[in-house]
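In: Model the structure of this input:
(one chain, ligands or ions: 1)
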Amino acid sequence: MSGDDTGDDTLPVRRRVQDLATGFRGAQVLFACVELGVFDAVAAGPATSAEVAAEVAADARAVELLLNAATALGLLHKAEGRFRMAPGAGELLVRGVPGAIVGGIELQSAHYRRWGHLADAVRTGRRPPENARDEAPPDWIERFVRGIYATALPLAPAVAASIELPRERDLRLIDVGGCHGAYSMALAERYPRLRADVFDLPRVVPVGARLIADAGWSGRVRMVAGDFQREPLGSGYDVALVFGVLNGEPREGHPALIRKVFGALAPGGWIVLRDAVLDPDRAGPPEAALFALQMLLATDGGGLDTRDDWERWLREAGFEPPLPIEVPGELWGSLVMARRPAA
Ligand SMILES: C[S@@+](CC[C@H](N)C(=O)[O-])C[C@H]1O[C@@H](n2cnc3c(N)ncnc32)[C@H](O)[C@@H]1O
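Out: Numbers count the residues shown, from 1 in each chain. Next up, the predicted model:
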């Protein structure tokens, strides 16, 4: 039995399964619109599907189907045969609009391809070779860094506003795996006496340096090339950000990096950890449990932790008990700060 009017009490599960089985279609509508530049064309003014098709150089009938589907999904509005962006959607989906997350959506589109190999990854317990090859093209790093930057940029001011640091003295910050420097720049904005070293792999440094220069922060925020698995981080820092980095490391690398950061901090300095965090039973929240699978698909051995894992590793490294920090508007990340005891 099935259907809304049959009194079938399995309907919620049936609906959930149905939604899971078909959710990929909505994601592809979004990705295709971004890839083709449909939102950019529509944003220029209410446009017919024929006008959009001409603008994006695609088949007129197919573009009409795509625009209708995007309308049904709430991304566009259609009136008298003309399409425009739905309220609020243009701010997110149109290239070049400050705060738009187009680069982040392109990154998700790359993840989509990787998720197609999930059963293989689970069978072998390893990142599928196709997924590693995804990262081979020469522009992969540029796209990866810009995608993460687009995701971080709207969050960074709220994250910076949640991190309380001394104002009355100079501060040296290291942004471990800082990539694009968005969080360092937001903290530099909040704390005028703060200077930041954004520590990342050599291949990331030129892209990050360009983003920092374009944002006008090269004076106080600089990229530093290094590999935290093999090289020292430096010493004497007042603050160390470790954001979105532990999830890409093999499990034993998590406490090792926390210990290394302890050594890089001056007495009284702060580590700030930010990542998706699993519930104690590791079976939720959904975004974190799914993200843990994404790390199986995208890294060699990466994975997520629980808050208890963090607390234990911080304590074992010598930090004082960590403070959880609420970031308004944070969708799925957890942020904690812990202090290296003053000498
Ligand atoms: C997911 S990104 C997080 C970027 C940024 N912190 C954020 O939260 O948006 C992880 C970053 O860690 C860097 N990374 C990974 N392994 C590294 C290593 N061994 N040494 C230095 N950086 C590394 C990557 O290049 C990447 O920029």
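In: Using the three-state scheme, assign the closest residue to Pro154 other than its chain neighbours.
Out: Leaving aside its chain neighbours, Pro154 sits nearest to Gly99 (5.2 Å; criterion: CB to CB, 6 or more residues apart in numbering). C-beta: built from backbone N, CA, C; applies to glycine. Secondary structure of Gly99, reduced to three states by DSSP: H, G, I helix; E, B strand; the rest coil: coil.
In: since we're on Gly99, how many residues are nearby?
Out: Gly99 sits with 9 neighbouring residues when counted by other CB atoms under 10 Å.
In: ok, it touching Gly90?
Out: No - in this structure, Gly99 sits apart from Gly90 without contact. The criterion is CB atoms under 8 Å, and the distance is 10.5 Å.
In: just to revisit the earlier point, tell me who's in contact with the residue nearest to Pro154.
Out: Contact analysis of Gly99 by CB atoms under 8 Å, 6 or more residues apart in numbering lists Glu91, Leu92, Leu153, Pro154.
In: Kindly reformat the residues you listed as JSON lines containing distance to Ala110 and secondary structure.
Out: Shown next, in JSON lines, are the contacts of Gly99 (distance: CB to CB, whole Å; DSSP: H, G, I helix; E, B strand; the rest coil):
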{"residue": "Glu91", "distance to Ala110": "23", "secondary structure": "helix"}
{"residue": "Leu92", "distance to Ala110": "18", "secondary structure": "helix"}
{"residue": "Leu153", "distance to Ala110": "19", "secondary structure": "coil"}
{"residue": "Pro154", "distance to Ala110": "20", "secondary structure": "coil"}
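In: could these be laid out in CSV, adding distance to Val176?
Out: Conversion of these to CSV gives the following (distance: CB to CB, whole Å):
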residue, distance to Val176
Glu91, 31
Leu92, 29
Leu153, 19
Pro154, 22
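In: I'd like to know which of those residues are buried.
Out: Neighbour-count burial (16 or more other CB atoms under 10 Å) applied to those gives Leu92, Leu153, Pro154.
In: Out of the residues you listed, the closest to Gly147 would be?
Out: In terms of CB to CB, no member of these lies closer to Gly147 than Leu153, at 11.0 Å.
In: Starting from Glu330, give me the distance back to the closest one.
Out: Shown here: Leu153 relative to Glu330, a distance of 15 Å by CB to CB, to the nearest Å.
In: Distance from the chain centre to whichever strand or helix holds Phe262, please.
Out: Phe262 is located in helix 253-264, with elements delineated by DSSP states H and E. Here helix 253-264 is found 22 Å from its chain centre; the criterion is CA atoms, centre = their mean, to the nearest Å.
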